[in-house]
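[1] Quick one, what's the 3D model for this:
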Amino acid sequence: MEFIGHSPTACYLSSTRRQEVVSKLPCATTLPKLAKAPSFTCPSPYPHKRTLTTVGFRPATYYSASKTNPRYPLSHSQVDSSAPETQLSELCGVRVPSVYSAARNALYTRYTPKDWFASYQRLLQSNDRGQKDSECLRYDSERLMDETNERTKNNQNESSRQLGDRLSDIAFWQNELTDELDKMVKEINDLVRGKRVAEKLLAEVENQLHIAQECLYQREKRQCVDLVHDNVEKALLAEVETVLRSQEMLRNLIDRANTQLE
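    Numbering: from 1, shown residues only. Modelled structure (predicted):
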């Protein structure tokens, strides 16, 4: 047995010393009646107070430790085995120390089988909930993965279709643009050709105007009664006016052609 606050390796009475002392003891029948041993000859018992327990299967013979102030360091035993007071030369009132406090306290901190079973059931329920949560998380992850893959495939197909439509539109408008460019080039060529024709016509009309004006000039050389305003003169004047209007129109046409070609 050991006292509270001492290491489990503390030894009060060694086996060799006990054997040596016992071997010197006389027979118990030959010993005289012993007087009451003084209080200082044996170590005082460890102070305890008896308490009752409320647990039915535990005996009510355990002790609860009281508050003490030890006079010896806790690294050594409080009983000196080599002291003469501790020798078993007499059958003094030696009292066995109380139960080790750690073991005694462990008895009061133990749980019942019902508590253990309840704790075991709680652990099982907690494990079941954790397993169910893990399975739900795994199922949700798989479902989310499938939905993401399906959405990605749909988006990819839709993007491919839109890209194909856009490529078709681009090719169509490219062909349309090429046709328009060809038409524009043709119109430009036609405009250039028309401009050349107008310039040539303007030059030819200039000759007609010069002829009509020359005729009128020569008719002015008549004298006396020959200076008549006849139909020929009227025709020549009308021709001059027509030629002048034609020249004006050709000049305007050439100017517009030059503006469009710039």
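
[2] what's the average pLDDT for the longest helix seen in the chain?
    Using DSSP state H, we find that the single longest helix of the chain is helix 113-219. For helix 113-219, mean pLDDT is 91.

[3] Just name whatever secondary elements it is in contact with.
    Contacts defined by 3 or more C-beta pairs under 8 Å, 6 or more residues apart in numbering; DSSP states H and E place helix 113-219 against helix 231-261. C-beta: built from backbone N, CA, C; applies to glycine.

[4] the inter-axis angle of the helix it packs on versus helix 113-219?
    For helix 231-261 against helix 113-219, the angle by axes from the mean of the first three to the mean of the last three C-alpha atoms, to 10 degrees is 150 degrees.

[5] start the count at 92, not 1, going forward
    With the count now opening at 92, the last piece we talked about shows up as helix 322-352.

[6] Mind listing what's buried along helix 322-352?
    Across helix 322-352, burial judged by 16 or more other C-beta atoms under 10 Å covers 327, 330-331, 334, 338, 341, 344-345, 348.

[7] Out of these, the closest to Cys315 would be?
    Nearest to Cys315 out of these is Leu327 (C-beta to C-beta; 20.5 Å).

[8] Tell me how many other residues crowd Ile279.
    Residues contacting Ile279 under the criterion other C-beta atoms under 10 Å number 12.

[9] which residues sit in contact with the closest residue to it other than its chain neighbours?
    Nearest residue to Ile279, sequence neighbours excluded (C-beta to C-beta, 6 or more residues apart in numbering): Leu352, at 7.0 Å. By C-beta atoms under 8 Å, 6 or more residues apart in numbering, the residues touching Leu352 are 279, 282-283, 286.

[10] are any of the residues you listed buried, and which?
    Buried by 16+ other C-beta under 10 Å: Lys286, out of those.

[11] on that earlier part again, for Arg284, see how far away the residue nearest to Ile279 is.
    Separation of Leu352 from Arg284 (C-beta to C-beta, to the nearest Å): 12 Å.
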